[in-house]
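> need coordinates for the below:
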Amino acid sequence: MEKWLICAGLSAVFAGLTGIFGKIGVKDIDSSIATTARSLIMSAFLVVVMCSRGPISQLGTIPAKSWLFVALAGLAGALSWLFFFEALKEGDASRVASIDRLSLVVTAVLAWLLLGEKVSLTVVLGLALIVGGALLVTKG
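Coordinates of the predicted model:
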């Protein structure tokens with residue numbers, strides 16, 4: 001099995017756990033406080049991971065263009081999580097997660113438009129099924 005597929009599968013598992021743990025954790029606190037606490041814990045954990053792979057001085061070797069896009073990804077991720085935790089505060093975890101996973105459709109469309117990735121009829125059908133599935137889950 002290819003490494004990217006294993007990593008993507010693990011990402012899905014941990015994203016699912018994030019929704020469950022987040023729903024429980026955000027119950028009695030403000031969603032922005034929960035998001036901030038989550039981000040601080042993530043940052044500390046990721047610094048440990050990075051240091052285990054090499055010296056922190058490697059941060060200085062990141063090219064400016066990469067910094068820009070990593071920073072934009074960080075901002076987009078922060079906004080995503082702010083809205084995700086706010087939605088979890090009010091909605092069912094399964095419904096919130098199903099709408100959140102529509103990010104796959106957004107990613108596929110933007111990858112096609114901005115990165116020139118190929119989109120086959122099979123991919124379009126799969127994306128349509130994802131949209132339909134999200135709608136069914138949120139109606140349930």
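
> quick one, what contacts V70?
Contact analysis of V70 by C-beta atoms under 8 Å, 6 or more residues apart in numbering lists I62. Where you see a C-beta, it was placed from the backbone N, CA and C, and this is true even at glycine.

> please identify the helix or strand for D28.
Under DSSP states H and E, no helix or strand contains D28.

> and the gap between it and A15?
D28 sits 23 Å away from A15, going by C-beta to C-beta, to the nearest Å.

> for these two, indicate the residue with more neighbours.
Applying other C-beta atoms under 10 Å to D28 and A15 shows that A15 carries more neighbours, namely 12 against 8.

> can you tell me, leaving aside adjacent residues, what's nearest to the more buried one?
Distances taken as C-beta to C-beta, 6 or more residues apart in numbering place A97 nearest to A15, at 7.9 Å, with adjacent residues excluded.

> pretty sure the one you found sits against T18.
No - A97 lies out of contact with T18 (C-beta atoms under 8 Å); the separation is 9.0 Å.
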